[in-house]
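Asks: just a sequence and a predicted model for now, questions to come.
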Amino acid sequence: MTAYSRLTPEARGLGMTSQRARDRLIERLKADGIADRRVLDVVRQLPRHLFVEEALATRAYEDTALPIGQGQTISQPWVVARMTEALLEHGVPARVLEIGTGSGYQAAVLAALVENVYTVERIEELLRNARRRFRKLGIDNVRSRHDDGRLGWPDEAPFDAIVLTAAGAELEQALLAQLAPHGVLVAPVGPAGRQQLVRIRPGADGARIREVLCPVSFVPLLGGTL
């Protein structure tokens, strides 16, 4: 797991990207209900400004989604924190599959908290950029793949947890099939304007429990590759 303890001056940031700006973000997240100290500590340390375009770096520690090109966004920090918190609530998973690498920010947050992250991205340019950021930050426990995320990563299944960063109309059965019996899946589900963050987790009788956590707004989960 990565601790981000040896950050370069660029990663430490200045002014609107400084540690003070990150601390203000953490206070906002806490005020809005994020309580897991492990998640808050990672968000506090991780230089989100390195995951956005340089022109938007001064807005990196606002609690808002930002464009990253190709019609995609880096998710709002509160949403990243809430999804991560939901994955960890009933135990720390060892192997996590992420669908939709995007900027790489969600994978980087997870990499500091779990043993291994497997991430799939359909847009090759975004994946190349994310890989560059992982190398720059010394994150070595993320494996990535350019593929249709709806298919998951069957060769590496089963996974202790799966997280989706794009919303489908329903949960993909191919992904549910790659979830270990004890596993947890967190995903936005539903059409634009009516999406809900859903968690699937095991129940006491072996059946899976479906929970609705909160309303969200994500880009759509699309098939194919670019």
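Replies: Cool, got the structure. Residues are numbered from 1 along each chain as shown.
Asks: centre-most residue in this structure?
Replies: Using Cα atoms, centre = their mean, the residue of the chain that lies closest to the mean C-alpha position is Gln106, 2.6 Å off.
Asks: check contacts around that residue.
Replies: Residues counted as contacts of Gln106 (Cβ atoms under 8 Å, 6 or more residues apart in numbering) are 75, 80, 83-84, 98, 163, 165. Backbone N, C-alpha and C define where each C-beta goes, glycine included.
Asks: from those, which ones fall inside helices?
Replies: If you go by DSSP state H, those have 80, 83-84 in helices.
Asks: please tabulate the residues you listed in TSV, including the columns distance to Arg131 and neighbour count.
Replies: Listed next are those as TSV, based on distance: Cβ to Cβ, whole Å; neighbours: other Cβ atoms under 10 Å:
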residue	distance to Arg131	neighbour count
Val80	19	26
Met83	22	26
Thr84	21	26
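Asks: out of these, which is nearest to Gln173?
Replies: Gln173 lies nearest to Met83 out of the ones in helices among the contacts of Gln106, by Cβ to Cβ, at 20.9 Å.
Asks: which ones are touching the nearest residue to that closest one once chain neighbours are set aside?
Replies: Nearest residue to Met83, sequence neighbours excluded (Cβ to Cβ, 6 or more residues apart in numbering): Val186, at 5.1 Å. Neighbour list for Val186: 83, 86-87, 161-164, 197-200, 213 [criterion: Cβ under 8 Å, 6+ apart].
Asks: out of the residues you listed, who has the most neighbours?
Replies: Of all these, the highest neighbour tally under other Cβ atoms under 10 Å goes to Ile162, namely 30 neighbours.
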